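A.B. asks: Dropping a prediction and its sequence here:
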Amino acid sequence: MKLVVVSNRLARSKTTEPMTGGLAAALLPVVEHSGAIWVGSSGRVREGQQKEPFAEIEALGAGALALLDLPSAHYGGYYEGFANSALWPALHSRTDLIRVQQDDYLSYREVNAFMARALLRFRKPDTAFWVQDYHFLALGAELRQLGVTEPIGFFLHTPWPALAVVEGVPHHRELIEAMLAFDLIGFQTREDCDNFLAYVQSELGLAVKGGCVTSHHGRTRLAVFPIGIDADLFAQYAAKAASHPDVSRLRRSLHGEKLAIGVDRLDYSKGLINRISAFDRLWTMQPALARTVSLLQIATPSRGAIEAYGNLQNEVARLVSDVNGRHGEADWTPIRYLNKGYSQSVLAGLYRTAQIGVVTPLHDGMNLVAKEYVAAQNPADPGVLVLSKFAGAAKELDTALLVNPHDIDSMARAIGIAVSMPLVERRMRWEAMMKKLRAHTIQHWFAEFVEALEECRSERSALEAPVPEPLRWLRSAISGAGLTLRS
Ligand code: F6P
């Protein structure tokens, strides 16, 4: 089978370059070895109608990267607009932050249609398409419109929220009906999958049986595939990075003081304000811990053209400065706050230097930083992970110190417990987590999804007897009106 992977953001093949976003970094090693073609945005836009979408092709391991220039007329409405000002806030249960301009949805659909046309050139008789994330919810339907009959899978890296939240998304019904053109839809957690099932049953009135939904597109299988990392590879990076200048300078600067580390995109879903407030509370409640533990917070700016992100950047900067002003000393800075990205290999060394990893999102699909922090630890003297129970990773990493990021006092107490946790307990908790990371790597995730997608090919050919056109139309009209067609 020839696999074509599609995502908005792509990664270049160097672990020594800074990378933004968990998806691109996680996919890189597996896509590189699989021989797949990975298609996504070049980060550039192109004016005018592109009859034949322009793609720059680069070699990537056994396969290739195809970098597309997206249409300039629709890029803003697609990326900053519908994808990141309607879908992203809703998927993270922040409907209060939904902001859409009149043509954003149209632009989103146009870019999905554009990507579908671009993908045709990579289609071979035994191709399967694997679409990543919320940027391309309608891509399966667009490919079907163009006559593609090969298997098309979709994996959602974010959470899928409760019904009432999804109803806050403009055009939600049309979009989710379009999603049912995928043969396979993968989610990070059982809860995400159940929320999606609840939507299609109660909002679209569709039948669900054995984890499959039947719609006018045919059958869509829904399943859970929690994304992992290559834990052993990450551990190797961490051990190697000890001598990297950035890492050794950090170590020397600590003078025996303990370090907590947070690494996030600057995003309101990551709980940065809550986390910094918890440190503020910790140093206020237990002044003896000032100078004993400090925080290194790496917050990489992203989506800066969106107002909510600009506001967050200002708010976090103000809070950091206020906390440093109140708790700092002439020779001690409580929070080191950096707005830049690091390569995977240096990050691994920074994680290993920190005795505490703080990963406290308000809502997160998986959060691979949590997994990377664990994998980077020194087995003889591992650090402690303080993890939000609202990150998908908490389902697996249940021997971390699980916290509710909305409860600042209890988060402060958990950080205090992490600071003084005895080695025996640290090792016990860490070994249990590491065992799970090794049992469910990114390679397992990739292989399990691709195998399930391959099964869809045989199911498709068995079910290929097409529904007669008038009945197709009738079914779509009926489900569009929110009714069910009883057979
Ligand atoms: O679903 C998560 C994700 O796709 C990650 O890759 C990344 O955290 C983010 O969303 C994408 O961010 P950006 O808009 O910066 O590409």
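C.D. replies: Ah, there it is. Numbering: from 1, shown residues only.

A.B. asks: hey, let's count contacts and neighbours off CA atoms from now on
C.D. replies: Noted.

A.B. asks: Name the SS class of the nearest residue to residue 135 once chain neighbours are set aside, please.
C.D. replies: Nearest residue to residue 135 in three dimensions, chain neighbours excluded: residue 83, at 5.6 Å (CA to CA, 6 or more residues apart in numbering). Following DSSP: H, G, I helix; E, B strand; the rest coil, residue 83 is assigned to helix.

A.B. asks: show me what contacts residue 83?
C.D. replies: Residues near residue 83 by CA atoms under 8 Å, 6 or more residues apart in numbering: 108, 134-135.

A.B. asks: I figured residue 32 hits residue 59, correct?
C.D. replies: No. Look at residue 32 against residue 59 with CA atoms under 8 Å: they stay out of range, at 9.2 Å.

A.B. asks: So which of the two has more stuff around it?
C.D. replies: Each of residue 32 and residue 59 has its neighbours counted (other CA atoms under 10 Å); residue 32 has more, 20 against 14.

A.B. asks: Please give the element, helix or strand, for that one.
C.D. replies: helix 22-34 (DSSP states H and E).

A.B. asks: Flag the helix or strand of the chain with the lowest per-element mean pLDDT.
C.D. replies: Scoring the helices and strands of the chain by mean pLDDT, DSSP states H and E places helix 469-480 at the bottom, with a mean of 40.

A.B. asks: State the distance from the one residue sitting closest to the centre of the chain to residue 176.
C.D. replies: With distances taken as CA atoms, centre = their mean, residue 157 lies nearest the centre of the chain, 4.1 Å away. Relative to residue 176, residue 157 is positioned 16 Å away (CA to CA, to the nearest Å).

A.B. asks: Give me every residue in the stretch 251-400 of the chain that's in contact range of the ligand.
C.D. replies: residue 302 (CA under 6 Å from any ligand atom).

A.B. asks: where are the low-confidence patches of the stretch 251-400 of the chain?
C.D. replies: Scanning the stretch 251-400 of the chain for pLDDT under 70 picks out nothing.

A.B. asks: Now it against the ligand: closest residue?
C.D. replies: In the stretch 251-400 of the chain, the residue that lies nearest the ligand is residue 302 (5.1 Å; CA to the nearest ligand atom).

A.B. asks: how many neighbours does that residue have?
C.D. replies: Residues near residue 302, counting by other CA under 10 Å, number 16.

A.B. asks: Might one say that it is in contact with residue 308?
C.D. replies: No. Using CA under 8 Å, residue 302 is not in contact with residue 308, being 11.1 Å away.

A.B. asks: residue boundaries of the strands in the stretch 251-400 of the chain?
C.D. replies: Using DSSP state E, counting those that start in this stretch, the strands of the stretch 251-400 of the chain run over 258-265, 293-300, 335-338, 356-359, 384-388.

A.B. asks: Need the contact partners of the fourth one.
C.D. replies: Strand 356-359 is touched from outside by 259-263, 270, 275, 351, 369-370, 373, 383-388, 415, 418-419, with contacts defined as CA under 8 Å, 6+ apart.

A.B. asks: Buried only: go through those for me.
C.D. replies: Buried subset of the contacts of strand 356-359 (neighbour count, 16 or more other CA atoms under 10 Å): 259-263, 270, 275, 351, 369-370, 373, 383-388, 415, 418-419.

A.B. asks: got the phi/psi numbers for residue 214?
C.D. replies: Main-chain dihedrals, residue 214, degrees, to the nearest 10: phi -110, psi 130.

A.B. asks: typed the wrong thing, it's residue 419
C.D. replies: Per-residue torsions, residue 419: phi -60, psi -40 (degrees, to the nearest 10).
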